[in-house]
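**Q** got a predicted structure here, sequence first:
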Amino acid sequence: MRRRPVIPQRVPIFLGAEGASEAGYGALLGKMARDLGLHVHLDVHNLQPGAGDPLALIEKAVQVIRNRERVRSSYGVKAVLLDVGDERKNREAGALARECGIDHVIWQAPDHEALLLRHMPDCQQHQPPAGASMAALLREWPYYRKAMSGQELGERITLIHVRAACGVERELAAFLRRVGLL
């Protein structure tokens with residue numbers, strides 16, 4: 001009798017998303033991991049509604065993590081995607097994340113659209129000021145809209161684009177190395 005091959009269990013990875021746009025991006029990263037055959041599962045959680053500033057978002061992420069780990073296995077890696085905001089609140093949020101075991105806070109400077117802009121060809125060095133990143137992204141990607149699904153994002157963003165963005169996005173790169181995408 002032939003033995004069935006042992007399939008390694010997927011390591012659960014927590015990715016807290018500031019909103020629907022970040023959740024779509026997390027879904028895209030999860031699909032990329034599956035396509036590469038990585039034995040991870042990105043468990044993406046939209047932390048809205050109910051959280052506003054970075055500190056409140058980290059508090060919400062900690063609550064979600066604790067609730068999930070109570071009924072399921074522990075997360076192998078924990079990360080949160082957050083827009084850069086007030087410097088004091090960012091410091092407090094980062095300190096709470098470290099204290100509560102969140103491995104990676106991926107700061108989007110100044111916001112998610114700027115992060116996505118740095119995925120576009122030859123745009124890795126673009127640093128639009130707060131309030132200007134959506135217009136800058138639309139110049140490169142006229143059909144972009146907020147809250148796109150992972151599938152919709154994947155029509156424009158490939159793993160090559162993600163890896164190019166990681167050349168300037170240190171926190172994203174550190175997280176994706178842990179996941180296995182880099």
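**A** Good, I have the coordinates.
**Q** got a list of contacts for the lengthiest helix in the chain?
**A** Secondary structure of the chain per DSSP state H: the longest helix is helix 54-71. Contacting residues not belonging to helix 54-71 are listed as 14, 16, 18, 43, 45, 47, 50-51, 75, 78, 80, 82-83, 85-86, 89-90, 92-93, 96-97, 100-102, 105 [C-beta atoms under 8 Å, 6 or more residues apart in numbering]. Any C-beta I mention is one placed from the backbone N, CA and C, and that applies to glycine too.
**Q** what's the first helix or strand after that helix?
**A** strand 77-83 (DSSP states H and E).
**Q** partners of that next one in the sheet?
**A** strand 11-17 (parallel), strand 104-108 (parallel) (DSSP bridges).
**Q** just put those in a markdown table and tack on distance to V71.
**A** Shown next, in a markdown table, are these (distance: least, C-beta to C-beta, whole Å):
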| stretch | distance to V71 |
| --- | --- |
| strand 11-17 | 12 |
| strand 104-108 | 23 |
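**Q** possible to save the ones you listed as CSV with mean pLDDT and mean neighbour count?
**A** Output for those, formatted as CSV (pLDDT from 0 to 100; neighbours: other C-beta atoms under 10 Å):
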stretch, mean pLDDT, mean neighbour count
strand 11-17, 97, 23
strand 104-108, 97, 22
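**Q** picking that back up, buried subset of the contacts of helix 54-71?
**A** 14, 16, 18, 43, 45, 47, 51, 75, 78, 80, 82-83, 85, 89-90, 93, 96-97, 102, 105 (16 or more other C-beta atoms under 10 Å).
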